[in-house]
Structure formats: structure tokens, C-alpha cells
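**Q** Could you work out the structure for the sequence below:
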Amino acid sequence: MDTDALRWLQQVADGTTVTEVSEVEPVTQSGVSRALARLEEQIGTPLLRRSGRTLRMTHAGAVFKPHLDAMLHQLDDGIAAVNQLIDPDTGSVALAFQQSLGTWLVPDLARSFRTSHPLVGFQLTQVRDELRSAPLDGGNADLELGTRRPERSGNPSPHEPDTAVHTRLIAIEPLRLALPREHRLASQPRVRLADVATDPFIGLRPASALRQRTDDLCDQAGFRPTVIFEGDDLSNVGGFVAAGLGVAVVPAPRAGSPESAAGPVVYREIMDAGAVREIFLIWSAERRLLPAADLFRRHVLRRAAADRLPAVSQ
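**A** Take a look at the predicted model:
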């Protein structure tokens, strides 16, 4: 089959018009139309139907589309693999990561990696730490750095790991109690969660792994936190703590990160047992990593094994 025709079919199925395809490809509108017609003849049934001025997928086209996407994805991976085999330092790494790791871990790993591989590019995507969300940005990323261990969906056994991905623990991250600078406990270097049992809490949404860890720690301390604000990222949480509206359980600031600078929020060590969260590196068990992504994977694992990740701010 003509791979150009397959790509044009994919574009049209995703909403691009034949006119728009011809404007960006070295082919006329009639050439695109003839190529699509030949493709339908080869498959043996119409894949597109006209609705006004728009082409839409037939039922057969809709059935064919996921296989088309997978086939072209594999083809692009193969072409990229050959190019990277010739020179892996000209490839790119699609990396998904949680927002809270974007101020210290991801920049440190990218900087140290590019010291030896300066021409490798990065495609960065932020993902949430929700336990039930799809790993690897739904399959769009090569690697993911985060604090959730993906679990097998639809399995009756709770907390069974997802066998579609490889998961490696690379760090244990301490948690801290974020307090407004004028808080009554701000002068104490270490606190217990029971000491803020009556304080309002600022937190992430209930589906967040960090929120669930916070609720578990508070339950262990003998109380249920009164959460007056639920947000989607930790920068919002820090802003509400800075405004004096409550306290929050957050990751410990790392040396050199924006959170480590003196400001309206102070971070105090939590004395309660288990006030930590785990950081994992995840990659697919079903699709082989391209050379550049595999170079970065090995770099992350080596750096973690050598304990060369940024230290917690004192």
C-alpha cells in the first residue's frame, strides 16, 4: 500500500480537509482524492463518505482507523530507530513527569544528560499523580517520572502492578508540613501532624496520590483533615498557604529549587512515621525504547543508584 495515501487518510480522518492536505504535501487535491480512492479499492470497501463539504469516516473506516494509527506509529518508530541507530545522539526523548518534579528532578537529569549528549532533544509533558490515570501520558511518552506505581486496570486484586510497564524506584522523597511564616509552629524545626489537627488544610484533589498519602498520615495521627481548598497543582497549594489560609503536606523543597528560597511559607519536618513518598521511573514493557530514550533511561538509573539526585534543602 502507498504509505502517503495511508498518512493522508489518517489526516482526513482526524479532521484535515483534502484541500489542506494538498497545501502541505507535494500533491494536488485530485491526486489526494485518487490516492484515497485507490486505497479504498485495495481494502475493498469505502472508508470515507462526504457530509456536505466534509469527509467523514464510514463504519469500516472507523474500524480501520485504530489499526492505521498503530501501523503508522510503528513505521515512524522504525524510521526513527534506524536514524538513531546511525547516530543516537540526534534523537529525542518524550518524557512525562509530575508537576512537582519539574522544578528540581527533571531539570537536573536533563542537564546532566545533555553534558554527554548535547544534541538529544526532549519533548516534555506534565501529568497528574492520579493513581488511575493512564501511564506514559496514554502511550505518548517514552518514559515517565512520577510518584505513582501504575496498577493493572480492571483486575479484581487491589494494588496489582501493571505488567504493561516496567517500574523502578529511584528515590524516597521526604514530605514536609508547609506553614505560613506567622504560624504558631513556624519556629519549630520538627512538628507532628496531631499538632495541626484543628487547622484548615490545603490539598490536591482526592484522586491525587499525594492527597491520599496526606489523608492516610492524618488518619494515622488520629484525625481527619478539614480541607478547605482542593487544587490541581502544588503551586496553587503553596499560594493559599502563603496567604495564611491553611497548612499543607507537600514534598520537601530541594536545594536550588524556587521553593527553597526564603518566603512567606516555611517547611517543617514531619515527625510522624511514613511521611515520605516514592519516586518511580516508568517505561513500556510492550514497546522497545528507541536508542536516545534508552540512553536517558540508563542515565536516570545510574544517577539514582549513585545517589546523585539533588539534596533536600536544609
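**Q** mind listing what's buried in the longest helix anywhere in the chain?
**A** Secondary structure of the chain read by DSSP state H shows that its longest helix is helix 59-86. For helix 59-86, the neighbour count (16 or more other Cβ atoms under 10 Å) marks 61, 64, 65, 68, 80, 81, 84 as buried. C-beta here means a position set from N, CA and C on the backbone, and glycine is covered the same way.
**Q** what packs against that helix?
**A** Other helices and strands packing on helix 59-86, by 3 or more Cβ pairs under 8 Å, 6 or more residues apart in numbering; DSSP states H and E, are helix 3-13, helix 291-305.
**Q** Now residue 180: phi and psi?
**A** Main-chain torsions, residue 180, degrees, to the nearest 10: phi -60, psi 140.
**Q** count of residues packed around it?
**A** 18 (other Cβ atoms under 10 Å).
**Q** For it, give its distance to residue 188.
**A** From residue 180 over to residue 188 the distance is 14 Å, taken as Cβ to Cβ, to the nearest Å.
**Q** ditto for residue 34
**A** Counting by Cβ to Cβ, the gap from residue 34 to residue 188 is 77 Å.
**Q** do residue 42 as well
**A** Distance, residue 42 to residue 188, by Cβ to Cβ: 74 Å.
**Q** Redo the helices and strands packed on helix 59-86 as TSV? Include mean neighbour count, distance to residue 162 and mean pLDDT.
**A** What follows is the helices and strands packed on helix 59-86, written out as TSV (neighbours: other Cβ atoms under 10 Å; distance: least, Cβ to Cβ, whole Å; pLDDT from 0 to 100):
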stretch	mean neighbour count	distance to residue 162	mean pLDDT
helix 3-13	18	28	90
helix 291-305	18	17	95
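**Q** closest one to residue 172 among those?
**A** For the helices and strands packed on helix 59-86, the distance to residue 172 is smallest for helix 291-305, at 10.7 Å, taking Cβ to Cβ.
**Q** Render the CA-only coordinates of the closest one in PDB, please.
**A** This file holds the C-alpha atoms of helix 291-305, laid out as PDB (Å, rounded to 0.1, in the frame of the first residue of the first chain):
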ATOM      1  CA  PRO A 291      18.200   4.500  21.400                       C
ATOM      2  CA  ALA A 292      18.000   8.100  22.600                       C
ATOM      3  CA  ALA A 293      15.300   7.300  25.100                       C
ATOM      4  CA  ASP A 294      17.100   4.200  26.300                       C
ATOM      5  CA  LEU A 295      20.300   6.300  26.800                       C
ATOM      6  CA  PHE A 296      18.300   8.600  29.000                       C
ATOM      7  CA  ARG A 297      16.700   5.700  30.900                       C
ATOM      8  CA  ARG A 298      20.100   4.300  31.800                       C
ATOM      9  CA  HIS A 299      21.400   7.700  32.700                       C
ATOM     10  CA  VAL A 300      18.500   8.200  35.200                       C
ATOM     11  CA  LEU A 301      19.000   4.700  36.800                       C
ATOM     12  CA  ARG A 302      22.800   5.200  37.100                       C
ATOM     13  CA  ARG A 303      22.400   8.600  38.700                       C
ATOM     14  CA  ALA A 304      19.800   7.300  41.100                       C
ATOM     15  CA  ALA A 305      22.000   4.300  42.100                       C
END
